[in-house]
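J.: pasted the sequence and its predicted model underneath.
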Amino acid sequence: SRVWFLTSKRKYIDRLSWLTHTILMLYNYLEFKIIEREIIMDNEELLTYDEDLSLKVFVVLSRALQSIKKRVEEDIKCLGLNPTEFSVLELIYSKGDQPIQKIGEKVLIASSSITYVVDKLENKKLIRRKPCPNDRRITYAVITEEGTELMDKVFPKHKAAMREICGGLETKEKEILIEQLKKLGLHAQSM
């Protein structure tokens, strides 16, 4: 049994090493082709090509996001929550008590919608409001025992569903994509 495990582990490492080598070779080849293309093109052609690529990035990114959101929403609907409610509940479940006024910027929803979402979660007895003892202007959203029980049950399933939804990418590809999207987002924000 131990020999089988070591043999399987060695095969896995060999495959992983081959895959890493192949990805690096492909990356180097593509980088070479891009440099070759840049040398051949004049500045005007290069600008047009870059503009076309930028439009394609936007279209591909939008379509990918639309497909991913659709799958995530289907997964969340099974829980009797909408995606916004789930996002707020997941934030409080993962990060602890949150000032209601700050939830919007953390889960990317309009501040005008926060009260409505918190009210719905409170009516479902998944969270409750708790005044800040030091500042009466601040009210915290706190997960209830029912909310914790629900998230303990469904969050591992949600994570598995997210892994499946993003299964079209290998782990290293996900890491690279995260870095590239952060870079793109920060650039767009700084404009």
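T.: Great, that's in hand.
J.: please point out which parts of the strand or helix carrying residue 117 sit buried.
T.: Element membership for residue 117 (DSSP states H and E) is helix 111-123. For helix 111-123, burial by neighbour count (16 or more other Cβ atoms under 10 Å) applies to 114, 117-118, 120-121. Bear in mind the C-beta positions are built from the backbone N, C-alpha and C, glycine included.
J.: check pLDDT for the residues you listed and point me to the minimum.
T.: Within the set of the buried residues of helix 111-123, pLDDT is lowest for residue 114 (85).
J.: please name the residues that touch it.
T.: Counting by Cβ atoms under 8 Å, 6 or more residues apart in numbering, residue 114 touches 88, 100-101, 103-104.
J.: ok, residue 107 next?
T.: Listed by Cβ under 8 Å, 6+ apart, the contact set of residue 107 reads 84, 87-88, 91.
J.: can you add pLDDT and give the residues you listed back as TSV?
T.: Shown next, in TSV, are these (pLDDT from 0 to 100):
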residue	pLDDT
84	87
87	89
88	90
91	92
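J.: next SSE downstream of the helix-or-strand element of the chain with minimal mean pLDDT?
T.: The helix or strand of the chain with the poorest confidence is helix 2-40; it has a mean of 62 (mean pLDDT, DSSP states H and E). Sequence-wise, the next helix or strand downstream of helix 2-40 (DSSP H and E) is helix 43-77.
J.: and that next one, what's its mean pLDDT?
T.: For helix 43-77, the per-residue pLDDT averages 85.
J.: and the contacts of the helix or strand just after that helix?
T.: Next along the chain after helix 43-77, taking DSSP H and E as the criterion, comes helix 83-95. Identification of contacts with helix 83-95 by Cβ under 8 Å, 6+ apart yields 69, 72-73, 76, 79, 81, 98, 103, 106-109, 113-114, 117-118, 120-121, 126-127, 141-143, 147-148, 150-151, 155, 158.
J.: show me which of the residues you listed are buried.
T.: Counted by 16+ other Cβ under 10 Å, those give 72, 76, 79, 81, 98, 103, 107, 109, 114, 117-118, 120-121, 126-127, 141, 143, 147, 150-151, 155, 158 as buried.
J.: helix or strand for the residue minimising distance to the centre of the chain, which one?
T.: For the chain, the residue sitting closest to the mean C-alpha position, by Cα atoms, centre = their mean, is residue 178 at 8.2 Å. Element membership for residue 178 (DSSP H and E) is helix 171-190.
J.: helices and strands around that helix, which ones?
T.: Packing contacts for helix 171-190, counted by 3 or more Cβ pairs under 8 Å, 6 or more residues apart in numbering; DSSP states H and E, involve no helix or strand.
J.: what pLDDT, on average, does it get?
T.: On average, helix 171-190 scores 90.
J.: and the contacts of stretch 171-188?
T.: Contacts of stretch 171-188 (Cβ under 8 Å, 6+ apart): 20, 23, 57, 166, 169.
J.: in that stretch, what counts as buried?
T.: In stretch 171-188, counting by 16+ other Cβ under 10 Å, buried: nothing.
J.: I am finished for the moment; much appreciated.
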